[in-house]
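Peer 1: need the 3D shape of this:
(chains A and B)
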Amino acid sequence: MTAQPLLDVNDLTVEFTTRRGIVKAVQHVNISVAKGETLGIVGESGSGKSVTSYAVMRILDRAGRIAEGSVMFSGIDVKAASESEMRDLRGREISMIFQNPRAALNPIRKVGDQIEDVLRQHVQSAASDRGEKAIEALEQVKIARPRERYHAYPFELSGGMCQRVVIALALACNPQLLIADEPTTGLDVTTQKAVMDLIVELTKRRHMSTILITHDLGLAAAYCNRVVVMEKGRVVETAKSADIFARPEHPYTRKLMRATPRIGVSLRDLLPEEEAAVSPRAPTVMAGLDPAIHQSSEGMDPRVKPGGDDLAKSLLTVEKLVKEYPRQGASAVLSKLFSRKPPVETEVFRAVDGISFHVGRGESVGLVGESGCGKSTTSMMVMRLLDQTSGRIVFDGEEIGAIMPQAFARLPQRKSIQMVFQDPTDSLNPRFTAARAIADPIIQLGDIRGRDALRARCEKLADMVGLPINLLDRFPHQLSGGQKARVGIARAIALHPKLVILDEPTAALDVSVQAVVLNLLQDLKASMGMSYLFVSHDLNVVRLLCDRVIVMRAGRIVEQGSSERVLGDPQDAYTKELLTAIPHPPLPV
Amino acid sequence: MLTMIGKRLMFAIPSLIGVVIVTFLLTRALPGDPAAYFAGPAASKEAIEQIRKKLGFDKPLIEQFFRYTSDLAHGDFGTSLTTGQPVATEIRNRLPASAELTLLGLIISVSIAIPLGVLAATRPGSWIDHLCRVTTTAGVSLPVFFTGLVLVYLFYFRLGWSPAPLGRLDVFYSAPAHVTGFYLIDALIARDFETFRSALSQLILPAATLAIFSLAPIARMTRASMLAVLASDFVRTARASGLSPSTVIVTYAFRNAMLPVITTLSMVFSFLLGANVLVEKVFAWPGIGSYAVEALISSDFAPVQGFVLTMAVMYVLLNLFIDILYGVIDPRVRLEG
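Peer 2: Here you go, the predicted structure:
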C-alpha cells in the first residue's frame, strides 16, 4: 500500500434539499482507497452508500450537494474542481458501473456507438480506429462475437451481456478507480459470479482500485480487501474483510451478519439476538397456535418436519406440464392472413418442457433456477393465470389444468390458491389503502359482508402478519418495503388458501427485513397449515424455508428432492454449478 | 420495409370502407332536406319533389349507396349543390391551402416549442421554465379566433405591416403555376419572388395563430418527456462517463425524448388540418375546413362525404408516416414490423 491513497474521502457530509427541509444523506464519512485495493461498502437501503459514491464523482442530482468535508482523488480536490475538470475525471480516471444494466444503456443507440462516445469524449484514439478500439473493449469483457455485438442494441442482449457492455464502457479509457454500484443485483447467481470474476480479473490486470457497493455481505467478503459498513448515512465499522467477518465489532454489523442466510443456521438464527428468543409475531396469534406445531417451529429445525411425500396425500400434483410459445411474433399472424402460401410450420419455444412434481399438504417446496428456466411460467400455470399447452394439474383431488384461466376466477378453488408477488410495491394498487388491499380478495371472493366485519377481519389479518393496526389506513407509498411485503402476505392469506405461491417474495427487501419476513412466512405456514410453492433464485433462502427443492433448467427439472439432500449433496452438474456460484462469506456460526 | 408499408395500407382498407359507410349514413340521418333547401323557401311541393327526383333522393337508401360507391370507385366524389363544382376538384384546390397553412404553422410551432421545452427541462425552476409554462398556458387558453383577430388588429389595422387578411394572395398577384399547390413552393419553382413574398405575407399571420395554439401541447410534451429521460439510468451512465453536456442532452436525452413528442405532433397536425375552421374564417382562407362546414350547414352531402373521406385517407397516411419515423428512431419498434 502506498502512503498516499488514491481516493481519500474525509469527513464527507452530503445534504439534499427536499420539501421537508434539508436531509443529511451522508454524515461525516471517512473512506480511503489505496492503489490496487478493492474496498467494499456494505449497507442496507438508505444507508447512504450510493450517495457517497455519487458525491465522489460529483454526479449528485440537483437537490444534493457536498456540504462538508473533502474528497481528494490522486491530489485533485473533487469538491473544488470545475465542472469541465470533473468531466475529464469521469470516465477517464473514475468510472462507474450501475445496477440494472439494461436501463443503464441508451436503449436506442448501438452499444458500439455508446462505447465510442466515451472514447471520443476522452480523446483516447484517432477517429479512424475508434471502432476497432470499441470492438477491443467488447473483446476484453469476453463478449462472444464482439464485431457483431458492436451493432447490437441493448434490448437485443441479455442482462449479463448488458452488464458486460457497461463494464466495457467503464473500462474503455483505462480509469484508475472503478466504482461498482450493486453491479450484480438482479442477475442470476452464475451470471453474478461470471460478472464479478470478470471485474476482478480486469481490475487486477490493470492495477486498478475498485469500490464495490453492495447489500450482500457474502459478495463483499468474497471479493474485497477491506469492508466499510454503513448505516443511516454513517460509517459504523471499517476493517479488513477477514477481520470484520471473524470479529464484527459494531452491533449493526453483527445484526447484518446474523440476517444473512447461510449454511448451517435455521430461520430463527437470522433474527437479531434479542428478538430471536421471542417470535416476531404478535403474541395474540401465537396463542391461537397449535402447541405442537409451535414447539416444532420454535425448538427444532422446521425443515425436518415430515412433508407430504406420500403422493396420495399430496395437495398439488403436476404431471407432464408443457407450455409452448410460438417463436414468431405478430407479423407471422398477419402474413398468414394475407399470403396464399400454406403457413410454414411454426417453430415453437418450450418454456416448460414436460415437468412433473407434487406439493404435499403443509409442505413447502422451492422452485429454483435461473431467469428464463420456466419457473415463473410454471407458477403462473399452477396459479391458473396462464393456460398450459398440455399436461395435468391436480389440485386437492381435482383436475384444474383443463379449466381456462378466465373461468377459474369464478370457481371456489380460486380461494385456495393465492399468490405473493415479487415486487411488494408494484403489486399493490397505489390508490388502495393497506386495509383495502387486504380486503380486496375477501370482497371479490369471500363471504364476509359489511364494513365492520370486513374491518375486523383486516385487523385480524394485519395482526397475524405483524402489521401495526394504525398503518392499515395508509397508502403503499407511505409504507416501508417490509410493511408492504406484510400487506401482500396478508392479502394472500385472507381467504385461508391451501396453497400459496411465493414468487421471490423477499428479493426486493433488505436482508434484515428479509429475515423477519421469512420467519413470518414460516410461522404462518405452521399455524394455518398451508403449503408453499416458493419460487426463488436464492438458494440460501430456499434452504432455510423449504422442505423440498426442485431445480429447473431450460424448462426441465434437473433435480428434485429434500432441501438437505439437493443442496447438501447435489447430484446434477447444474445444481453443483449453481451452488458453487454463491459467494460464501466466512461467517462465524 | 416495403412489405410493412404494403401491409399497413392493406389494413387501412377496412377502416376506409367503414368511413364510407358511416359518413354516408350520417349525412342521410342529418336533419334538413337538401331538396327543400335548394328549391328555396318559395318553392312549391311539386318543385321540391322534382328536385329530389333529379338528385336521386327518391330512390331507396341502398340504391343511393351503391351508386355513391360506384362513383367513388371511378374517382367521382359527386358534385356540390351549392357551388356546382365537382367535389374532387374543389378538394384538390383547397387541400393544399389548408396543408400549406397547417404545415407552416406547425413548423413555426415546433421550432419554438421544442427548444423551449428542452431548455425548460434542463433548467427546471429557472426563468425559462416559467416562460415555457406561461406561454403554453396562454397558448391553449386563448381561442384561435381571438388570437387571430388580435394579430389582424395589431399587424394589419394598427401597424399596417401585413396585408388585408383576405385569402392566399393579394388581388394584384396571380397564383403561380400549379406544381405542388403550395403557393410558397410553386412561386419558388417559378422563380417569382414577388409572388413568394406576397404569399408569405398573407400566410404568416394565420400560421402564427395556429402556431400559438399548437405550441402548448408540443412544448409541454417535450418538457415532460425530456425531464423523464434526463432522470433515467442511461443518462446517469452518460454523465458518469464524463460525456459533455451537449452530447448527453442531444444524443442521449433528446433522441429518446422525441418519441412521445412525435406522437403528439401527429395528433396536433391531423387536428389542425381539418379543424382550423375558425382560423380559415378569420383570414378568409380558402381551406377545406371552412368548405366542409359550409357544406354541412346547407345539407350538401357530397362535399361532406368527400371531406371526411379525404381526412380519413390523410390520417391513414400520416399514421403510416409516423410509424415509419418511429421505426427509424427507435430500433425496438422495427422488430414488430
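Peer 1: all helices of the stretch 151-300 of chain B, in order?
Peer 2: For the stretch 151-300 of chain B, the helices defined by DSSP state H, counting those that start in this stretch cover B:183-189, B:193-230, B:233-240, B:245-247, B:255-275, B:277-282, B:288-297.
Peer 1: how far out from the middle of the chain is the first one?
Peer 2: This means helix B:183-189. 20 Å (C-alpha atoms, centre = their mean, to the nearest Å).
Peer 1: for residue 325, give me the pLDDT.
Peer 2: Here I'm looking at chain A. We have a pLDDT of 83 for residue A:325.
Peer 1: meant chain B actually
Peer 2: Looking at residue B:325, the pLDDT reads 84.
Peer 1: before we move on, what about the one 10 residues further on?
Peer 2: pLDDT for residue B:335: 55.
Peer 1: ok, now residue A:550?
Peer 2: Reported pLDDT for residue A:550: 93.
Peer 1: strand partners of the helix or strand that contains it, parallel vs antiparallel please.
Peer 2: Assigned by DSSP states H and E, residue A:550 belongs to strand A:548-553. Using DSSP bridges, the strands paired with strand A:548-553 are strand A:364-368 (parallel), strand A:556-562 (antiparallel).
Peer 1: ok, and what's touching the first one?
Peer 2: Read it as strand A:364-368. A:357, A:359, A:375, A:378-379, A:525, A:531-537, A:539, A:542, A:545-552, A:563, A:578 (C-beta atoms under 8 Å, 6 or more residues apart in numbering or on different chains). Glycine gets a C-beta too; all of them are placed from N, C-alpha and C.
Peer 1: walk me through the domains of chain B.
Peer 2: Domain segmentation of chain B under automatic domain parsing yields B:2-73, B:94-329.
Peer 1: for the stretch 151-300 of chain B, which residues score under the pLDDT cut-off?
Peer 2: Residue ranges of the stretch 151-300 of chain B with pLDDT under 70: B:274-275.
Peer 1: please disregard the earlier target; I meant chain A.
Peer 2: Ranges of chain A meeting pLDDT under 70: A:1-3, A:273-313, A:327-346, A:584-589.
Peer 1: show me what from it comes close to chain B.
Peer 2: A:57, A:59, A:61-62, A:86-92, A:95-96, A:98, A:100, A:103-109, A:117-118, A:121-122, A:153, A:155, A:166, A:169-170, A:329-331, A:334-335, A:338 (C-beta under 8 Å from any C-beta of the partner chain).
Peer 1: from the centroid of chain B, which residue is nearest?
Peer 2: residue B:273 (1.3 Å; C-alpha atoms, centre = their mean).
Peer 1: distance to residue A:370 added to the domains of chain B, as JSON lines?
Peer 2: Below are these laid out as JSON lines (distance: least, C-beta to C-beta, whole Å):
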{"stretch": "domain B:2-73", "distance to residue A:370": "35"}
{"stretch": "domain B:94-329", "distance to residue A:370": "23"}
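Peer 1: so which of these gets nearest chain A?
Peer 2: Smallest distance to chain A across the domains of chain B (C-beta to the nearest C-beta): 3.4 Å, for domain B:94-329.
Peer 1: chain center to the closest one: distance?
Peer 2: Distance, stretch centre to chain centre, for domain B:94-329: 9 Å (C-alpha atoms, centre = their mean).
Peer 1: does residue A:554 touch residue A:371 like I think?
Peer 2: No - between residue A:554 and residue A:371 there is no contact under C-beta atoms under 8 Å: 11.6 Å.
Peer 1: what's around the closest residue to chain B within the stretch 451-589 of chain A, how many residues?
Peer 2: Closest contact between the stretch 451-589 of chain A and chain B, by C-beta to the nearest C-beta, is at residue A:508 (17.0 Å). By other C-beta atoms under 10 Å in any protein chain shown, the residues close to residue A:508 number 19.
Peer 1: try residue A:532
Peer 2: 24.
Peer 1: isn't there a helix covering it?
Peer 2: No - going by DSSP: H, G, I helix; E, B strand; the rest coil, the assignment for residue A:532 is strand, not a helix.
Peer 1: now it. Nearest residue, chain neighbours left out?
Peer 2: residue A:364 (3.7 Å; C-beta to C-beta, 6 or more residues apart in numbering or on different chains).
Peer 1: just the domains of chain B: most buried one?
Peer 2: domain B:94-329 (a mean of 19; mean count of other C-beta atoms under 10 Å in any protein chain shown).
Peer 1: which residues of the stretch 1-150 of chain B lie near chain A?
Peer 2: B:7, B:10, B:124.
Peer 1: quick one: residues contacting the last one.
Peer 2: So that's residue B:124. With C-beta under 8 Å, 6+ apart, residue B:124 has these contacts: A:62, B:227.
Peer 1: reformat the helices of the stretch 151-300 of chain B as JSON lines; add distance to chain A.
Peer 2: Below are these laid out as JSON lines (distance: least, C-beta to the nearest C-beta, whole Å):
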{"stretch": "helix B:183-189", "distance to chain A": "33"}
{"stretch": "helix B:193-230", "distance to chain A": "10"}
{"stretch": "helix B:233-240", "distance to chain A": "4"}
{"stretch": "helix B:245-247", "distance to chain A": "6"}
{"stretch": "helix B:255-275", "distance to chain A": "6"}
{"stretch": "helix B:277-282", "distance to chain A": "36"}
{"stretch": "helix B:288-297", "distance to chain A": "33"}
